[in-house]
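Student: Sequence plus predicted model, see below.
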Amino acid sequence: MKRIVLLITLVLAAFAGISAQGYKVGDTAADFKLKNVDNKMVSLADFSKAKGFIIVFTCNHCPYAKAYEQRIVALDKKYKAKGYPVIAINPNNPATVPADSFEEMQKRHKEAGFTFPYLFDNGQKIYPVYGATRTPHVFLLEKTKKGNVVRYIGAIDDNYEDASAVKTPYLANAVDALLAGKEVNPSSTKAIGCGIK
């Protein structure tokens with residue numbers, strides 16, 4: 001019996017290690033179905049006309065996430081019409097951070113004027129698959145014949161404190177490259193933000 005328990009523990013630990021690494025650039029991302037702030041379930045398959053997706057793991061309480069809210073709205077307004085809508089996902093556990101509860105998400109969505117779905121990762125099942133570690137943490141997906149391929153992972157830009165002082169808008173550059181049929185460069189940067197709770 002002890003051997004079976006040990007074996008199961010080792011298998012679970014190995015699986016956790018694999019999933020903790022998450023996606024790398026070039027991987028095909030699996031779809032998901034999560035509850036939006038309007039209480040409707042949302043999946044990537046719902047966006048039949050999209051060319052890809054800007055997936056942003058973010059939350060209510062983190063000062064980094066708050067600093068980027070209006071920039072994320074601007075990105076959605078700019079790129080949704082071009083086929084790259086923003087899909088925001090809150091990965092935090094509300095038992096740990098009550099400010100990130102579903103009810104608080106609904107309030108924040110309205111207060112901040114979000115123009116995109118704001119989904120709740122109930123049970124924290126999706127963020128480890130992606131490998132998100134921060135809020136905000138971006139995954140840019142391109143819709144291809146083989147599925148939604150990860151083309152960029154990391155930060156939105158190079159200055160979370162001051163939008164007017166941004167020198168390199170990494171995410172916008174990456175989307176522009178895809179729209180122009182070019183390689184994304186850089187294809188990854190370090191996400192700066194609060195650790196996922």
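Tutor: Cool, the structure landed.

Student: where does this protein dip in pLDDT?
Tutor: Under the criterion pLDDT under 70, the flagged ranges of the chain are 1-20.

Student: how close does the residue nearest to the spatial centre of it sit to residue 62?
Tutor: The centre of the chain sits closest to residue 56, judged by Cα atoms, centre = their mean, with a distance of 2.9 Å. According to Cβ to Cβ, to the nearest Å, residue 56 stands 12 Å off from residue 62. The C-beta positions use only the backbone N, C-alpha and C, and glycine is treated the same way.

Student: Next, the buried residues of stretch 81-90.
Tutor: Going by neighbour count (16 or more other Cβ atoms under 10 Å), the buried part of stretch 81-90 is 83-90.

Student: Spell out which residues are contacts of both of residue 56 and residue 62.
Tutor: When contacts are counted by Cβ atoms under 8 Å, 6 or more residues apart in numbering, residue 56 and residue 62 have residue 136 as shared neighbours.

Student: Contact partners for the residue nearest to the centre of the chain?
Tutor: 72, 86-89, 136-138, 156.

Student: can you check residue 34 too?
Tutor: 41-43, 89, 119-122, 126.

Student: do residue 153 as well
Tutor: 23-25, 131, 137-140, 187-189, 191.

Student: so how far is residue 168 from the closest residue in space to residue 154 that isn't next to it in sequence?
Tutor: Nearest non-adjacent residue to residue 154, counting by Cβ to Cβ, 6 or more residues apart in numbering: residue 189, 3.4 Å away. Shown here: residue 189 relative to residue 168, a distance of 9 Å by Cβ to Cβ.

Student: So these two - more neighbours on which side?
Tutor: Set residue 189 next to residue 168 and count neighbours by other Cβ atoms under 10 Å: residue 189 wins out with 18 against 13.

Student: That one and residue 157 touch, don't they?
Tutor: No. Assessed by Cβ atoms under 8 Å, residue 189 is found out of contact with residue 157, at 9.2 Å.

Student: ok so, going back, list the pairing partners of the helix or strand where the residue nearest to the centre of the chain lies within its sheet, with orientation.
Tutor: For residue 56, the host element (DSSP states H and E) is strand 52-57. Sheet pairing here is set by DSSP bridges, and for strand 52-57 it gives strand 86-90 (parallel), strand 137-144 (antiparallel).
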